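J.: Pasting the sequence and the predicted coordinates here, then a few questions.
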Amino acid sequence: MEAAQFVMPGSYGRGIPVWQDAGLRAARRLVSAFESALGQWWTPRIVEHPFLMPAAEYKEVFDNYTNVYETTVPEAGGSCVLTPDNMSASVGLLRKHGGEEPLVAVGGLLRVLPGGAQPLFRDRHIWPAVQVTHLVSEQNAVAELERHRLAVTRLHEMLCLPVMTVRTGSLASYGRTTYLTVSCLPDGRPTVTATLYVMSGRYRDRLLTDSEVIDVGFTGKLLALVALHHRDAFGLVLPSVLADAQVGLLVEEAGRRGQQWQADQTQGGVRVRAMQSAPQPYARRRAERRLLRQGVPLIVGVRGDALRMARRYPLRRADLPALPEPQALHGELAAHDDRLRRISADRFSAGLKEAGRLVARCDRCAETNGEEIFGWTVPEAGEPCGVCGAPGSEVLLGGRFY
Ligand SMILES: [Zn+2]
C-alpha cells in the first residue's frame with residue numbers, strides 16, 4: 001500500500017496511519033461499493049459526524065468505556081470526547097429527522113490504544129470507519145439484519161475477499177443478536193472483517209428509542225486485507241471495483257487515436273489512465289511498472305501498429321488484434337476479479353475447512369466437548385454432528401481472534 005501510495009511509510013505516531021490521495025480515493029470507492037450493495041434494498045444516507053462529541057451525551061450510552069479521549073473545548077460546550085463511535089449521534093439524527101432508511105456514518109474514530117499498533121488492523125485513529133445505524137421495528141429486526149448481512153457479503157465479493165458469517169453469543173451484553181463476518185489472512189488464519197448487531201435492550205433504552213437499533217460496522221482493514229491477498233511481483237493488484245484506473249493505456253505519444261479510444265471507454269464505463277513513455281524499452285518498462293505499482297488490473301500497450309495487453313496475477317502479456325471495446329474490457333475485468341476471488345477462496349477453504357476449524361456440532365457436544373466455539377454459521381447449515389452423529393449444524397472453532 002505504501003508502494004501504491006495509498007499510505008505514507010511510517011505514521012504520525014503509534015496507531016495513526018497517514019493516507020495519501022490514492023488511498024483516499026480507494027476508501028471512497030469502498031464506501032460507494034457498500035452504498036451500491038445497500039442500494040439493493042434501501043436508499044442509504046451517507047453522513048460524517050463532527051469530530052467532537054459532548055462527553056455527557058456519549059457517556060449516557062457508553063458509560064463504562066475507558067478507551068476514549070476527552071478534552072475540554074469551551075466553543076463546543078465544554079467536556080468533549082474525540083468521536084470514538086457514531087451510533088449515538090446517528091440515532092440522534094434518525095430520531096430527529098425520522099427515516100426508515102439506514103444512515104451510514106463515514107469518518108475516523110479515535111480510541112485509546114493499549115499495546116502495539118498494527119496499521120489498519122489495530123489503530124488509534126481508525127479510518128475509514130464505516131458504521132451503519134438503522135432503526136427497525138421489533139418484528140422486522142432479524143429479517144433486516146439478514147439484508148445487512150447480504151449487503152456486507154456482497155461487499156466482500158466485490159473486493160474479491162472470501163467471507164462467511166457466524167452468530168456468536170459472546171457479546172451478548174452489547175448485541176441481542178450478534179453476527180461477525182469472518183474472512184482470512186493469506187496464510188488461512190481467520191480474521192473478523194465486520195460486526196453486525198441488533199443492539200441489546202440496554203442500549204436501545206439508553207439511546208431513547210422504541211425501535212430496534214441495527215449497528216453494522218467495518219473499517220479500512222478491508223482495504224488492508226485486499227492488499228495482503230492481492231499482489232504480484234510488481235505490487236498491489238486491485239479488484240476492479242477499487243481501481244481508480246481499471247485499464248492503463250501505455251502509449252509512445254499522445255495521439256488522437258488513443259484519446260478517442262480513451263473517451264469511448266469512459267463512455268462505456270471503464271476507467272482508463274493513459275501513461276506516455278519515450279520509445280526506448282527501458283522507458284516503456286518504467287512507465288508500465290508505475291501503472292503496475294498503482295494496482296492497475298489491466299494494461300493495454302500501443303507501440304506503432306503493435307498492440308499488447310498485460311493481465312496480472314501473475315503478469316502475462318499477450319498480443320491484441322485490435323484495441324478492445326468497452327464490452328470486451330468489462331469481460332476482462334470480470335475475469336480478473338474472478339482470478340482474485342478464486343485464489344483467496346482457496347486460502348479460505350484451506351485455512352478453515354481443511355484445517356478443521358469449520359466442523360459440525362450438535363447442541364449437546366457444543367456444550368460439553370470442551371472446545372471453544374467462535375460462532376455458528378449463518379445461515380444455519382444443518383449437518384450431522386462430527387462427534388456423535390446427532391443432528392447438528394456448522395460451527396467455527398477457535399478462541400478469540402480479530
Ligand atoms: Zn454431538
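T.: It's in.
J.: Am I right that Phe121 is in contact with Tyr402?
T.: Yes - the pair Phe121 and Tyr402 qualifies as a contact (CB atoms under 8 Å) at a distance of 7.4 Å. In this view, the C-beta of every residue, glycine as well, is placed from N, C-alpha and C.
J.: hang on, Gly217 is in a helix, isn't it?
T.: No - counting by DSSP: H, G, I helix; E, B strand; the rest coil, Gly217 is located in no helix; its state is strand.
J.: Tell me what it is bridged to.
T.: Beta-bridge pairing for Gly217 (DSSP bridges): Gln131, Thr195.
J.: What about it, how many residues nearby?
T.: 20 (other CB atoms under 10 Å).
J.: Correct me if wrong: it contacts Thr133.
T.: No - contact criterion CB under 8 Å: Gly217 and Thr133 do not qualify, at 9.5 Å.
J.: Could you tell me which residues touch both of these two?
T.: By CB atoms under 8 Å, 6 or more residues apart in numbering, Gly217 and Thr133 have no common neighbours.
J.: So which of Phe121 and Tyr402 has more stuff around it?
T.: More crowded of Phe121 and Tyr402, by other CB under 10 Å: Phe121, with 15 against 11.
J.: Report the separation between that one and Val73.
T.: Plainly put, Phe121 is 30 Å away from Val73 if you go by CB to CB, to the nearest Å.
J.: which residue packs closest to Leu298, ignoring adjacent ones?
T.: In space, and not counting its chain neighbours, Leu298 is closest to Val247: 4.8 Å by CB to CB, 6 or more residues apart in numbering.
J.: Please tell me I have it right and the one you found contacts Leu291.
T.: No - taking contacts as CB under 8 Å, Val247 lies outside contact range of Leu291: 9.4 Å.
J.: Three-state assignment for the nearest residue to Ala89 once chain neighbours are set aside, please.
T.: Leaving aside its chain neighbours, Ala89 sits nearest to His49 (4.4 Å; criterion: CB to CB, 6+ apart). Under the three-state scheme (three-state DSSP), His49 adopts coil.
J.: so His49 touches Ser90, yeah?
T.: Yes - if you go by CB under 8 Å, His49 and Ser90 touch, sitting 7.3 Å apart.
J.: Sketch out the low-pLDDT regions of the stretch 151-300 of the chain for me.
T.: 254 (pLDDT under 70).
J.: what about the strands in it?
T.: In the stretch 151-300 of the chain, strands defined by DSSP state E, counting those that start in this stretch lie at 164-168, 175-184, 190-199, 212-219, 231-232, 235-236, 247-251, 272-276, 298-303, listed in chain order.
J.: How about the last one, which residues are buried there?
T.: Of the residues in strand 298-303, those with enough neighbours to count as buried (16 or more other CB atoms under 10 Å) are 298-302.
J.: with these in mind, which one is nearest to Gly255?
T.: Of all those, Val302 has the smallest distance to Gly255: 8.3 Å, by CB to CB.
J.: I'd like to know the beta-bridge partner residues of the closest one.
T.: Leu307.
J.: For it, which residues are in contact?
T.: 249-252, 257-258, 323.
J.: Ok, Thr266 next?
T.: Taking CB under 8 Å, 6+ apart as the test, what Thr266 contacts is Val272.
J.: Also Thr219?
T.: Contacts for Thr219 (CB under 8 Å, 6+ apart) come out as 120, 126-130.
J.: ok, residues contacting the helix or strand hosting Val142?
T.: If you go by DSSP states H and E, Val142 is part of helix 141-158. The contact list for helix 141-158 (CB under 8 Å, 6+ apart) reads 33-34, 37-38, 40-41, 102, 132, 134, 136, 162-163, 165, 177, 179, 181, 183, 193-194, 196, 198, 212, 214, 216, 218, 222, 239, 241, 341, 378.
J.: Endpoints of stretch 99-108, how far apart?
T.: 24 Å (CA to CA, to the nearest Å).
J.: domain assignment for this structure?
T.: Per the record, the chain has its domains at 7-51+87-229, 232-333, 356-397, by automatic domain parsing.
J.: Determine which stretch of the ones you listed is the most buried.
T.: Compared across the domains of the chain, domain 7-51+87-229 shows the largest average neighbour count, a mean of 18 (mean count of other CB atoms under 10 Å).
J.: how long is it from one end to the other?
T.: 17 Å.
J.: hang on, the earlier thing: so which pair among the contacts of Thr219 is furthest apart in space?
T.: Within the contacts of Thr219, two members stand farthest from each other by CB to CB: Leu120 and Val130, at 13.4 Å.
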